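Asker: Below are the sequence and a predicted model; questions follow.
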Amino acid sequence: MEESAKKTVKLSRNAALAKAEHYCAYQERSQQEIRDKLYEWGLWKDDVEELISELIQTNFLNEERFALAYVSGKFKIKKWGKIKIKQGLKLKRVPDKMIANVLKTIDGDEYLKEIQETAVKKLASIHEKDAYKRKYKVITYLLGRGFEHDLVAEVLKANDLC
């Protein structure tokens, strides 16, 4: 038998609850992350949904709190744009309405400033002589970071960066 195969040990409901509480207390989690983890621990669908409901009632699990922490961390630490953050939240199965609300928490001026700073940093690392190729590389990089094309073009033009 292959060693890398995960061993699933069926936990009792109480042991799973305690383990899930610890898992949630360590870091904010989405409902989907908890659901996946509970299934990984060998629980059945009814038990999984009951435990998730209990975690929500005891405030160990809060989807909005998770989404706010996710947005804050990805923008302030990872320097991601709204598009990439939105995709990440969709992968965690956060509802679209909640995604729209938490993205509004990003300050507009701070967001534009981040685009500018990221562009300046990237321009300094590009050793291309051709101005068009330099601009293309900067724009491609910023789009890859999840920033919107119209805002990228606006910031580059306004600050004479390309």
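Answerer: The structure has been received and is ready for your questions. Numbering: from 1, shown residues only.
Asker: ok, and what's touching the biggest helix by length in the chain?
Answerer: As assigned by DSSP state H, the longest helix anywhere in the chain is helix 108-125. Helix 108-125 is contacted from outside by 75, 79, 81-82, 134, 137-138, 141-142, 145, 147, 151-152, 155-156, 159, 161-162, using C-beta atoms under 8 Å, 6 or more residues apart in numbering. Placement of C-beta: from N, CA and C, glycine included.
Asker: Tell me the predicted confidence for the residue nearest to residue 69 when sequence neighbours are not counted.
Answerer: Counting by C-beta to C-beta, 6 or more residues apart in numbering, residue 69 lies nearest to residue 28, which is 4.4 Å off, once chain neighbours are set aside. Note for residue 28: predicted pLDDT of 95.
Asker: For burial, what's the neighbour tally of residue 28?
Answerer: Applying other C-beta atoms under 10 Å, we find 17 residues neighbouring residue 28.
Asker: So it: helix, strand or coil?
Answerer: Assigned with DSSP: H, G, I helix; E, B strand; the rest coil, residue 28 falls in the coil class.
Asker: which parts of the helix or strand harbouring residue 25 are buried?
Answerer: Assigned by DSSP states H and E, residue 25 falls within helix 13-26. Of all the residues in helix 13-26, those buried under the rule 16 or more other C-beta atoms under 10 Å are 16, 17, 20, 21, 23, 24.
Asker: mind listing which of the contacts of helix 108-125 are in helices?
Answerer: Judged by DSSP H, the subset of the contacts of helix 108-125 located in helices is 75, 82, 134, 137, 138, 141, 142, 151, 152, 155, 156.
Asker: still on that earlier bit, any idea how far residue 81 is from the residue nearest to residue 69?
Answerer: Residue 28 sits at a distance of 21 Å from residue 81 (criterion: C-beta to C-beta, to the nearest Å).
Asker: Equivalent analysis for residue 16, please.
Answerer: Distance from residue 16 to residue 81, by C-beta to C-beta: 37 Å.
Asker: Lovely, talk soon.
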